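[1] Curious how this folds, go ahead:
(one chain, ligands or ions: 1)
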Amino acid sequence: MIYLDHNATTNVLPEVLDAMMPCLTTEWGNPSSSYAFGSRLKTVVEAAREQVAELIGAQPREVVFAGCATESNNAAIQAALKAAPGKRHIVTSMVEHSSVLNFCKALEKEGYRVTYLPVDSEGLLKVADLENAVTGETAVVSLMWGNNETGVLFPVKQVAEVCKSRGVLFHCDAVQAAAKTEIDVRQVPADYLSLTGHKFHAPKGVGALYVRRKAPFSPFLHGGHQERGLRGGTESVPLIVAMGEAANQARKRLPIYDEKVCALRDMLEDAILKGVLNTELNGHKVQRLANTTNITFHGIESEALLLLLDQAGVCASSGSACLADSDEPSHVLRAMKPGSTASRQMIRFSLGTDTARADVEAAILAVKQATAALRN
Ligand code: PLP
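    Presented below is the predicted three-dimensional model:
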């Protein structure tokens, strides 16, 4: 198998499995219990919190564990809205993940007004559009760091500055950017920032929300006193430990994106753009994550190409894995290139730190053979 779909999910690293294993076998107590067999796990959870905090330059107290980033995204937006009940306006973009877009659509039904900022044909966001959209009514701005379909990076530092100067809370979905590019909440002062473990080699089912000290926060899940009362529910100690170790590994692996992944991504991209007729890059060539390339194959349906690639052992995708079972063309590509067929004729390849040159060579061959067969 040649796995080029790391933006969908990643494999669990052996180090991560080793770290979580005791909590699945011998150390299965409840951290809230009064006896040592349970309560000693509090220390384990706090160690993981420190590791996740370190990945993003935060204080451990600013990290709240969650079940996934969908929860983190929903929780952050809801907390910001609750903190300013008189403000009924949200600013986001047309290319956010469905966990933000669909929550915003649900909020519209409750009477909130939502501005969906456009992007240009390269997927870039104009800060001037944000400045024009924010009003005295705006409670929260929710914009992603790196796009899951194209890898395009938003100008999050400037976004944070605009929000700060206008007194509006800023939530950043950093799910794709985390562990692939440096994130430091001291440099990019977002109020809330979402992460999920399964995009950087922890298992699925654990996320985190960074909540800046003094940023308003009310629980999304009401329950027990876990997570200092900020998120009810017995802690999933094995998954939290896994996310901590994955964050630790991610910090060590970060330089690999510049040293290796970017060159392999470019090799794949260049070979396809030069070697396969009627192909086109989607997304800004430079301002994007080092591991992602999104390419339109004009005249070829994404699904047909993905099927042949799958038969050749190559895993790639035509956009967000969360929407893969819907017939909808990519909302990201539609926002970038309205009226174009690109949204139904594109493939996203996303590499990982373990992707080898041989994987890329085999993928290039598979793409050439599949496109030749489909165009025949
Ligand atoms: N945000 C982005 C940008 C994503 O790519 C994803 C996952 O695909 C999510 C949020 C949701 O993450 P989770 O699967 O942990 O809910």
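[2] Tell me if L209 really is in a helix.
    No: read with DSSP: H, G, I helix; E, B strand; the rest coil, L209 is strand and lies in no helix.
[3] tally of neighbours for it?
    For L209, the neighbour count with other C-beta atoms under 10 Å is 27. C-beta here means a position set from N, CA and C on the backbone, and glycine is covered the same way.
[4] can you start the count at 56 instead of 1 from here on
    New numbering, starting at 56: the last item is L264.
[5] can you pull the pLDDT of V240?
    V240 is assigned 98 on the pLDDT scale.
[6] Surely it is in contact with E109?
    No: judged on C-beta atoms under 8 Å, V240 makes no contact with E109 at a distance of 11.4 Å.
[7] Have a look at those two and say which one is more surrounded.
    Higher neighbour count among V240 and E109: V240, with 21 against 16, using other C-beta under 10 Å.
[8] Is the more buried one in a helix, a strand, or coil?
    coil.
[9] who's in contact with it?
    By C-beta atoms under 8 Å, 6 or more residues apart in numbering, the contact set of V240 is I111, G112, A113, E117, L248, Y265, R267.
[10] Could you save these as TSV and add columns showing secondary structure?
    Shown next, in TSV, are those (three-state DSSP):
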residue	secondary structure
I111	helix
G112	coil
A113	coil
E117	helix
L248	strand
Y265	strand
R267	coil
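[11] What's the ChimeraX syntax to select whichever of those residues are buried?
    Burial among these is assessed by 16 or more other C-beta atoms under 10 Å; the matching ChimeraX selection reads:
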select :111,113,117,248,265,267
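[12] Do you have the strands of the stretch 256-405 of the chain handy? List them.
    262-266, 334-336, 347-352, 369-370, 401-405 (DSSP state E, counting those that start in this stretch).
[13] swap that for the stretch 106-255 of the chain, please
    118-121, 144-148, 168-172, 193-199, 224-228, 247-251.
[14] From the contacts of V240, pick the one nearest the ligand.
    L248 (11.4 Å; C-beta to the nearest ligand atom).
[15] these two touch, right, that closest one and L264?
    Yes: using C-beta under 8 Å, L248 is in contact with L264, at 7.3 Å.
[16] nearest to the ligand, of the strands of the stretch 256-405 of the chain?
    Comparing these by C-beta to the nearest ligand atom, strand 262-266 comes nearest, at 5.0 Å.
[17] possible to save the strands of the stretch 106-255 of the chain as TSV with mean pLDDT?
    Compiled in TSV, the strands of the stretch 106-255 of the chain are given as follows (pLDDT from 0 to 100):
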stretch	mean pLDDT
strand 118-121	98
strand 144-148	98
strand 168-172	98
strand 193-199	98
strand 224-228	98
strand 247-251	98
